[in-house]
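Peer 1: Mind folding the following:
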Amino acid sequence: MLAVSSAADAQNYQVDKYGSERVTRFLHHHNLPLVGAQLIDNNDGSRELHLFGFVATEFGKQDAQQKALKYLGDNTIQVVNSIQINPSIESMRPLAQDPPAAANTPVPPPANSNSQWDKAIDNIYRNGAQPLPQPSGPLLP
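Peer 2: Take a look at the predicted model:
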């Protein structure tokens, strides 16, 4: 019975799932698709923001932190930035398409253009933060 009591006392926080999803979605929509966030509410009333995932540069790592804090609008949040830098991610960026010849001409999306991108994101969420494989050829058809 004592072991159960001490295990319950050990958890001094609660994950804010709704807030975590909102910050993660915000980051994904602001050019950080491989970065995730988790908000923690501690029992003492303090909050923590845990950032994880991958970016190509140190600038991207700092940018993710600044964007998340600005979105939350709370400077008292302690940040744990565990984002990993992997320069090969830059080569995964989808290529910009040429504008259509006429403004009203619909352009179909290229078939499977983001399949490698989607696979990378799925692997991050499924397996946690792990180094991405180095590309051996073009990632986009």
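Peer 1: Might one say that residue 12 is in contact with residue 45?
Peer 2: No. Look at residue 12 against residue 45 with CB atoms under 8 Å: they stay out of range, at 11.3 Å. C-beta here means a position set from N, CA and C on the backbone, and glycine is covered the same way.
Peer 1: Does anything pack onto the strand or helix carrying residue 24? Which helices or strands?
Peer 2: If you go by DSSP states H and E, residue 24 is part of helix 17-29. Packing partners of helix 17-29 (3 or more CB pairs under 8 Å, 6 or more residues apart in numbering; DSSP states H and E): strand 35-42, helix 58-72.
Peer 1: Show me which positions of the first one end up buried.
Peer 2: In this case it means strand 35-42. For strand 35-42, the buried set under the neighbour-count rule, 16 or more other CB atoms under 10 Å, comprises 35-40.
Peer 1: tell me the angle of it relative to helix 17-29?
Peer 2: Inter-element angle recorded for strand 35-42 and helix 17-29: 150 degrees (by axes from the mean of the first three to the mean of the last three CA atoms, to 10 degrees).
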